[in-house]
Every structure is written in C-alpha cells, then in structure tokens.
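A.B. asks: Kindly return the folded structure for what I paste below:
(one chain, ligands or ions: 1)
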Amino acid sequence: MRSPRFRLAAALTLIAVALLAGCQNPERIRIIEPLPPPIIHAPTPSPIPAPPPPPPIISQPQIRGAVIVIDPGHGGRDPGALPKYGGQMSEKTIVLDIGNRVARSLSERGARVVMTRSGDTYPELQDRADVAERHRADLFISIHANSAERRSASGTIVYIFDQATTQSLRAGMRMAAALTRAGIECQGVMRKNLHVLREHSRPAMLIECGFLTNPGDAQKLNSANYRASLAAAIADGAAGYFAP
Ligand code: ZN
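C.D. replies: Now for the predicted structure:
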C-alpha cells in the first residue's frame, strides 16, 4: 500500500500537469473578438428645401402706372348740396378740395391721375363718364357730399352701380374697409343707378363723404384737417384695390 502522503503528492503532480497542459491548449486562450466597427450614423439629411412658390397670378393692375380718374361732383353753376350747418362751403367746394388731395396722394404713389375737373367748372355727367372710358381708367372715383330730409342721417356711403362688375364691387368693399379703418363712419357699400357709374365700362364707385344736412358731418367737412384725413383714407382705399 502506498502511503497517503504519496497519494497526495501524486494528486498534486496530476493537477500541476493538467494546469500546464491547459495553459498550452490553444482552445483555452480566450479569443478577444475584435469589436464591430462603430456604427457611424450618416448625417441627418437636411430637408429638401421647398420649391419656390409659383409667381402669383396678377389679376389686378399695380397702382404704379394705374390710371385713376377722380371726379369731384358738381362745380361751376351747380353748387350741389348747400351749406346748412357749421360752415360756408357748399358741396362743390368741399368735394373739389377732397378730390385734389386724393389726386395728390395717388400721384405720389405712382398712379396716373386724371381729374374730370380741377377747378370750379361743370363737366356734364356724360363728359365725366367719357373721361373714364377714353383713358381706360383702372378705377373711377366720383366724390360727393350728401344731403337728406332727416337731419340725423350721417356718415359716408360707397355707391357702386346696380349691375356693378366684380371689380367695382371689390373696389367698393376695399374703400369701405379703408374708411372704417381710418375711424370714419361708413354705412358700407350700396348699389345705385347713377349716371357716372352706369355710362362707361370701367371699375367705378361714387363716395358720399358725409351729410351736409347733419350738423356733425357738416362741421367736420368744413375742417381742412378732416378733409385731409378723409382724402388720405380714400387714397388708401383706392390703393387697397390694387393690392394683391
Ligand atoms: Zn353731389
């Protein structure tokens, strides 16, 4: 029998041999797998820029170079509505002053302005309509001041012809909006069978600038400052018609 000490030595020898063999076994070498190549994210593609919008369809002429006819009502032997309250100016004088101011403002914006009268003269109604047709007006604006039996009637009114074209309607709507925006009382756009709106084919409106039979309106229309504000609003309204 071998002694236990011998058996322990033999066992240790066997373990040592086994360990040595293990170290030499290539299969025991831990193979470090190469790391997979890092995933490089492709740069986020920048969004495709939207194509430029198609050029707008211009259905309206631009104000620069547009022909605008300004028609101050009455004149000469025809005074129009007579002064009743708060001032000495009759309708023909008030509307000529407003018309001249509107014309100046529109000329400064590049429009070609034609006046049916620029002084105290009386062109016949048909002559005024003929000016619109002859100059192929892009817009015709007749300027008047109102009168009524009822003293309480007040404010501006924009008239278009009974069978107005869509251009005239659009022009009238833009005008009423501009007056309201300027803080001027406006009763809106109304249709009426008026000679200077009916007897030519061009876009047209007639503005009643207030009632000379209303004390408040009469007082305002006799103020140069008010006429200047009103004229500025009318020029804005006309320009609005030519805006896209
Ligand atoms: Zn009038």
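A.B. asks: what comes up buried for stretch 84-98?
C.D. replies: Neighbour-count burial for stretch 84-98 flags G86, G87, M89, S90, E91, K92, T93, I94, V95, L96, D97, I98 (criterion: 16 or more other C-beta atoms under 10 Å). Just so you know, the C-beta spots here come from the backbone N, C-alpha and C atoms, and that holds for glycine as well.
A.B. asks: contacts for it?
C.D. replies: Outside stretch 84-98, the residues within contact range by C-beta atoms under 8 Å, 6 or more residues apart in numbering are 72-76, 78-83, 117-120, 143-145, 147, 209, 212-215, 218-219, 221-222, 224, 227, 230-231, 234.
A.B. asks: what's the spacing between that stretch and its chain's center?
C.D. replies: The chain centroid and the centroid of stretch 84-98 are separated by 33 Å, computed with C-alpha atoms, centre = their mean, to the nearest Å.
A.B. asks: For it, the averaged confidence score.
C.D. replies: This predicted structure assigns stretch 84-98 an average pLDDT of 89.
A.B. asks: Around the ion, pick out the residues from the chain.
C.D. replies: Counting by C-beta under 5 Å from the ion, the residues of the chain lying close to the ion are G73, G80, H144.
A.B. asks: could the buried residues of stretch 84-98 be laid out in a markdown table, adding distance to L197?
C.D. replies: Below are these laid out as a markdown table (distance: C-beta to C-beta, whole Å):
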| residue | distance to L197 |
| --- | --- |
| G86 | 30 |
| G87 | 28 |
| M89 | 25 |
| S90 | 23 |
| E91 | 18 |
| K92 | 19 |
| T93 | 23 |
| I94 | 21 |
| V95 | 16 |
| L96 | 20 |
| D97 | 22 |
| I98 | 18 |
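A.B. asks: quick one: what helix or strand has L82 in it?
C.D. replies: With the criterion set as DSSP states H and E, no secondary-structure element contains L82; it sits in neither a helix nor a strand.
A.B. asks: excluding its backbone neighbours, what's nearest it?
C.D. replies: Closest residue in space to L82, ignoring its immediate chain neighbours: S90 at 5.4 Å, by C-beta to C-beta, 6 or more residues apart in numbering.
A.B. asks: lowest-pLDDT helix or strand in the chain?
C.D. replies: In the chain, no helix or strand scores lower on mean pLDDT, DSSP states H and E than helix 4-24, which sits at a mean of 54.
A.B. asks: next SSE after it?
C.D. replies: Sequence-wise, the next helix or strand downstream of helix 4-24 (DSSP H and E) is strand 67-72.
A.B. asks: Next, count neighbours for the residue in the chain that the ion sits nearest to.
C.D. replies: Ranking the residues of the chain by distance to the ion (C-beta to the ion) places H144 first, at 3.4 Å. Using other C-beta atoms under 10 Å, H144 has 25 other residues around it.
A.B. asks: Who is it paired with across the strands?
C.D. replies: Partner residues in beta bridges with H144: E208, with DSSP bridges as the criterion.
A.B. asks: check contacts around it.
C.D. replies: Applying C-beta under 8 Å, 6+ apart, the residues near H144 are G73, H74, G80, E91, V95, L206, I207, E208, C209.
A.B. asks: okay if I get these as TSV plus distance to V113?
C.D. replies: Compiled in TSV, the contacts of H144 are given as follows (distance: C-beta to C-beta, whole Å):
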residue	distance to V113
G73	17
H74	19
G80	22
E91	21
V95	15
L206	17
I207	16
E208	21
C209	18
